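1. predicted structure and sequence below. I'll ask about it afterward.
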There are 2 protein chains.
Amino acid sequence: MKTSTPSTTTRGPAEHDLRDQIVAAATEHFSRYGYGKTTVSDLAKAVGFSKAYIYKFFESKQAIGEMICSNCLFSIESEIRTAVNRAGTPPEKLRAMFRAMTEAGMALFYDDRNLYEIAATSATEKWPSVLVYEQKILQLLRDVVQEGRQTGDFERKTPLDEVVMSICLVMHPYLNPLLLQHSMNYSDQAPTHLSNLVLRSLSP
Amino acid sequence: MKTSTPSTTTRGPAEHDLRDQIVAAATEHFSRYGYGKTTVSDLAKAVGFSKAYIYKFFESKQAIGEMICSNCLFSIESEIRTAVNRAGTPPEKLRAMFRAMTEAGMALFYDDRNLYEIAATSATEKWPSVLVYEQKILQLLRDVVQEGRQTGDFERKTPLDEVVMSICLVMHPYLNPLLLQHSMNYSDQAPTHLSNLVLRSLSP
């Protein structure tokens, strides 16, 4: 399966497909039976690959979970990004961001509790996928704030970094899977109330 | 021990003292050995009262936990209230509130993990003590916002209820023991950043 190139990170398209196949099968299996209790042996048996074959592609169960989590957060990020792009003005983009983030998180929590648990594990253990996700959302937020400063919708006195960091802290309970499960009671009102408050704080 | 008055809620001072004694002994015991795993029998043995005697005053372990939690949250509330009263202007009071709430929560978490766990249990199960605590903090916040509206420090356009509710949502991760444990990473910067953001949102 290995290519003859010296780099160990370069993989042929076939290897890539096989990895994807394992991840897809593992996603389905974890989604049905949970991540915590399943071992790589269970997984191998269930998906019809040998354990050795799985270890050829992934060094551990966490490496598979990491990939699933990464896909899952990527799809949440895409939903948030789509909502932001659809919105017109920077204030509307900010509202859309709060709304989409809460809805996507809730959907994951309610519709796919086992995948949600992988995301929560990843947040507890600070897996790279969660850090990457948080960084991407931070960058998206920064773009929206910067655009609003250019259009004159948002104030320009406060340093940009400070504004972005503080809004990110406000978003955190709805962004991070670990906190999200404890923020459910407020999930219908929170996006509106919080984006209103943030927009008041941004008014020029 | 019972008084001759017809009301079952009226208790003589002696009964009150005995309840306090049990709660004090239980607090020490839970603080050392944890709440989750301890039964009322364990507790009775450890504090030197009979199980029947404890049940005379408390109908369940949760009722004792509820009282411990209530004392614990009352002391946090007092710390927050003291900090607010010490601060001069309404904006300073708001800053003091964010700071005191985070510090008191952190202190509980780091210095008395077992009592923190009782508080977390109470938040998961929505015990009355937590709801009372949240209501009191909400009222304190409302007073500060109202004072700031009177002094002209804060804007008066947005309905008071909406302002108070939205600030409360911002405070929630630092107020609620369940969320607090996941907000630790941000606990040194968050009070400043969040109170700055809230103050910007309140500017007239």
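-> Noted; the coordinates are in hand.
2. how far does the helix or strand bottoming out on mean pLDDT in chain A sit from its chain's centre?
-> The weakest-scoring helix or strand in chain A, judged by mean pLDDT, DSSP states H and E, is helix A:177-180 (a mean of 76). Taking CA atoms, centre = their mean, to the nearest Å, one finds helix A:177-180 lying 12 Å from the centre of the chain it belongs to.
3. near chain B at all, it?
-> Yes. In terms of CB under 8 Å from any CB of the partner chain, part of helix A:177-180 sits within range of chain B, namely A:178, A:179. Quick note: C-beta positions are derived from backbone N, CA and C, even for glycine.
4. what residues of that helix count as buried?
-> By neighbour count on 16 or more other CB atoms under 10 Å in any protein chain shown, the buried set for helix A:177-180 is A:177, A:178, A:179, A:180.
5. out of those residues, who's nearest residue B:199?
-> Checking the buried residues of helix A:177-180 against residue B:199 with CB to CB, the nearest one is residue A:179 at 23.5 Å.
6. any idea which element the residue nearest the centre of chain A lies in?
-> Centroid-nearest residue in chain A: residue A:73, 2.4 Å away (criterion: CA atoms, centre = their mean). Using DSSP states H and E, residue A:73 sits in helix A:61-86.
7. quick one: distance of that helix to the chain centre.
-> Mean-position distance between helix A:61-86 and its chain equals 4 Å (CA atoms, centre = their mean).
8. can you check stretch A:36-45 too?
-> From the chain centre to the centre of stretch A:36-45 is a distance of 24 Å (CA atoms, centre = their mean).
9. other SSEs contacting the helix holding residue A:73?
-> helix A:13-33, helix A:40-47, helix A:90-111, helix A:113-124, helix A:128-151 (3 or more CB pairs under 8 Å, 6 or more residues apart in numbering or on different chains; DSSP states H and E).
10. in chain A, where is pLDDT below threshold?
-> For chain A, the stretches flagged by pLDDT under 70 are A:1-13.
11. one more pass at 90, please.
-> For chain A, residues meeting the criterion pLDDT under 90 lie at A:1-51, A:53-54, A:56-57, A:60-73, A:75, A:104-132, A:134, A:172-189, A:204.
12. domain map for chain A?
-> For chain A, the structural domains run A:13-59, A:64-202, going by automatic domain parsing.
13. of all those domains, which one comes closest to residue B:17?
-> Across the domains of chain A, residue B:17 has its closest neighbour in domain A:64-202 (37.3 Å, CB to CB).
14. quick one: end-to-end length of that closest one, please.
-> 41 Å (CA to CA, to the nearest Å).
15. flag every residue of chain A that's near chain B.
-> Where chain A comes near chain B, counting by CB under 8 Å from any CB, the residues are A:123, A:155, A:158, A:162-163, A:165-167, A:169-170, A:172-173, A:176, A:178-179, A:182-183, A:186, A:189-190, A:193-194, A:196-198, A:200-202.
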